[in-house]
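Colleague: sequence-free structure coming up:
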């Protein structure tokens, strides 16, 4: 990051202008945070030391840089944090899908377009418009693209507090929103951190199907369904397969049950609306996708990162948990001799759940 060649004469006016520009670009939340993250660094360090990150080695790599923005990007003085809503008020539909063992459940954030590129483009436009007004500034845009403690920074920027399930919660908007950041070398005034309002509520802890939230603000990723179905590339531990139910890509239970989401005001972003009928698709329908169809249908979707092999692995588990029916058994039979040993093993387990050879 290069030093800025022009600083606005009134930092407070510039901060206000940044908020206006962010709203014009479609962000529902915007705040400014400092770069001191000492307590969060200790929390991250202990979490890593316990090995709770599973096989996500990238979480351990460059761990210190996550909590030290000025070391990641030299010259950084402030962080502009933004939030972008996804999905609609469809919690009832989500619960209906989870209760229907023949349907596939996909995390709400992954039903539509992948948010990474969309948010990155908007953030870059925000930085460009800022420079048009104040001159060149040192900056760097991030959307899950580097070691950044985005939730801690967003909390410090006043966007919300970190709930007991480790997701960020906004008092008015709930937790259904993405985060993005711009590291800048401008000494902008910082916002007041958001205060916590979870109180004594532990609904998110109690509802977790695999009991992955082992304590308030403490997530064991090795048990988390989002980790198991998206990040983990090996066999899903057998003792966790039944609790996964019909969740084939991610999990939303801890957010669905959160009281702060019940009356949250949410913006409907058309790009994040469900594609390929993923909100109503059955397990056999999605299990039938060959790799070429999978790649075609998931173009521009976050689902593609799982790859076809893990896609089939996940659906095989869900089919094993589905009510026994000719359609379920026929679907599993089509993958019994699949080229992947990983898929075959999970198909075999699923067939055994139905008493089939």
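Modeller: Yes, it's here. These numbers come from a predicted model, not from an experiment. Numbers count the residues shown, from 1 in each chain.
Colleague: Who are the contact partners of the nearest residue to residue 100 once chain neighbours are set aside?
Modeller: Closest residue to residue 100 apart from its sequence neighbours, by Cβ to Cβ, 6 or more residues apart in numbering: residue 246 at 7.4 Å. C-beta coordinates here come from the backbone N, C-alpha and C atoms, glycine included. Taking Cβ atoms under 8 Å, 6 or more residues apart in numbering, we find residue 246 in contact with 97, 98, 100, 101, 102, 103, 104, 105, 283, 318, 321, 322.
Colleague: Those into TSV, with extra columns for secondary structure?
Modeller: Listed next are these as TSV, based on DSSP: H, G, I helix; E, B strand; the rest coil:
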residue	secondary structure
97	helix
98	helix
100	coil
101	coil
102	coil
103	strand
104	coil
105	strand
283	helix
318	helix
321	helix
322	coil
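Colleague: how close does residue 71 sit to residue 292?
Modeller: Distance, residue 71 to residue 292, by Cβ to Cβ, to the nearest Å: 44 Å.
Colleague: Comparing these two, which residue is more hemmed in?
Modeller: Between residue 71 and residue 292, residue 71 has the larger neighbour count (other Cβ atoms under 10 Å), namely 14 against 9.
Colleague: OK, contacts around the more buried one?
Modeller: So residue 71 contacts 64, 65 (Cβ under 8 Å, 6+ apart).
Colleague: before we move on, which element is it in?
Modeller: Using DSSP states H and E, the element containing residue 71 is helix 69-72.
Colleague: Which residues belonging to that helix are considered buried?
Modeller: By 16 or more other Cβ atoms under 10 Å, the buried positions in helix 69-72 come out as 69, 72.
Colleague: Let me know the average pLDDT across that helix.
Modeller: In this model, helix 69-72 has a mean pLDDT of 96.
Colleague: what's the answer for stretch 247-266, then?
Modeller: 94.
Colleague: those helices in the stretch 251-357 of the chain, which residues are they?
Modeller: Assigned by DSSP state H, counting those that start in this stretch, the stretch 251-357 of the chain shows helices spanning 253-256, 283-287, 291-297, 307-321, 326-333, 341-353.
Colleague: which stretch among those helices comes nearest residue 164?
Modeller: For residue 164, the closest of these is helix 253-256, at 8.6 Å, according to Cβ to Cβ.
Colleague: just checking, what packs against the closest one?
Modeller: Secondary-structure packing of helix 253-256 (3 or more Cβ pairs under 8 Å, 6 or more residues apart in numbering; DSSP states H and E): helix 91-99, helix 203-207.
Colleague: which residues touch the last one?
Modeller: Helix 203-207 is contacted by residues 163, 164, 165, 213, 216, 253, 254, 255, 256, 257, 258, 259 when judged by Cβ under 8 Å, 6+ apart.
Colleague: Run a quick neighbour tally on the fourth one.
Modeller: Same thing as residue 213. 23.
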